[in-house]
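Student: sequence plus the predicted model coming up.
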Amino acid sequence: MARETQELENFVKEAYLKGCDKNSIEQAILDAGWSKEQSQNALRAFANIEFPIPVPRPRPQLSAKETFMYLVMFSTLYTSAYHLGSLLFDFINKAFPDPADTRVLFHARDSMRWAVSSLLIAFPVYMYTSILIHKGLLENPVKRNSPVRRWLTYLTLFVAAIIMIGDMITLVYNVLGGEITIRFYLKVAVVGIIAGAIFGYYLLDLRHDEREI
């Protein structure tokens with residue numbers, strides 16, 4: 001894989017030296033059977049600046065500190081999202097109680113206390129690490145190509161997509177079964193909005209990376 005990547009980067013370098021523009025180089029790579037991601041990675045290896053010869057970009061280095069920061073950021077994101085949903089579920093249960101299920105209200109106080117405690121700790125940590133990472137990206141844009149960042153971002157998109165799909169399946173299943181209540185619709189909306197917001201935010205972030213080639 002490393003050899004193929006080097007060969008593709010060498011091709012891009014030779015194409016730039018012969019005066020080809022970025023769009024034509026990318027199209028040639030795609031026509032040859034390479035994937036769009038492979039073509040973008042090869043083009044990303046060279047800076048988009050005016051100079052007689054192609055100028056290579058610095059390659060992102062995998063560091064323990066970077067891995068730690070991204071793991072903390074995404075783990076606190078998952079924790080915050082889960083407990084925000086749990087807290088909103090408790091509010092919905094209190095606003096629209098089910099007379100047949102008395103256990104829900106009995107356990108709601110402990111559940112809400114756990115959710116609030118988790119949010120008070122996890123969400124500020126998520127925001128703090130996000131700000132630090134964002135500052136690092138502004139100072140050194142090449143870090144946007146970090147393997148840790150891209151893998152964890154795609155993992156987050158996958159988890160959010162699975163949750164949204166499951167949410168829609170649950171909605172359709174209950175509608176077909178005639179189990180339609182305001183409480184149920186509100187819970188479906190909570191899950192969909194939280195997962196959708198996370199999916200949309202990080203998808204736009206990846207699209208921003210692609211435009212930075």
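Tutor: Structure's in. What do you need? Note that this is a predicted model, so its numbers are computed, not measured.

Student: beyond the longest helix out of those in the chain, next helix or strand please.
Tutor: Taking DSSP state H as the criterion, the chain has its longest helix at helix 103-139. Using DSSP states H and E, the next helix or strand after helix 103-139 towards the C-terminus is helix 147-176.

Student: excluding its backbone neighbours, what's nearest R57?
Tutor: A47 (5.2 Å; Cβ to Cβ, 6 or more residues apart in numbering). To be clear about C-beta, it is placed using only N, CA and C from the backbone, and glycine gets the same treatment.

Student: got phi/psi on the one you found?
Tutor: Main-chain torsions, A47, degrees, to the nearest 10: phi -70, psi 140.

Student: and for D21?
Tutor: D21 adopts backbone torsions of phi -90, psi 170, taken as degrees, to the nearest 10.

Student: where does pLDDT dip in this structure?
Tutor: Applying pLDDT under 70 to the chain flags residues 1-4, 60-62, 99-106, 142, 210-213.

Student: domains for it, by residue range?
Tutor: The record's domain parsing of the chain by automatic domain parsing lists 2-44, 64-211.

Student: for the longest helix of the chain, the distance to its chain's centre please.
Tutor: 17 Å (Cα atoms, centre = their mean, to the nearest Å).

Student: flag every buried residue along it.
Tutor: Neighbour counts over helix 103-139 (16 or more other Cβ atoms under 10 Å) mark 108, 111-112, 115, 118-119, 122-123, 125-126, 129-130, 133, 136 as buried.

Student: then stretch 75-93?
Tutor: Buried, per 16+ other Cβ under 10 Å, within stretch 75-93: 76-77, 79-81, 83-90, 92-93.

Student: ok so, going back, please convert the buried residues of helix 103-139 to JSON lines, extending it with distance to I29.
Tutor: Output for the buried residues of helix 103-139, formatted as JSON lines (distance: Cβ to Cβ, whole Å):
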{"residue": "A108", "distance to I29": "57"}
{"residue": "S111", "distance to I29": "53"}
{"residue": "M112", "distance to I29": "54"}
{"residue": "A115", "distance to I29": "49"}
{"residue": "S118", "distance to I29": "46"}
{"residue": "L119", "distance to I29": "46"}
{"residue": "A122", "distance to I29": "42"}
{"residue": "F123", "distance to I29": "42"}
{"residue": "V125", "distance to I29": "41"}
{"residue": "Y126", "distance to I29": "38"}
{"residue": "T129", "distance to I29": "36"}
{"residue": "S130", "distance to I29": "34"}
{"residue": "I133", "distance to I29": "31"}
{"residue": "G136", "distance to I29": "30"}
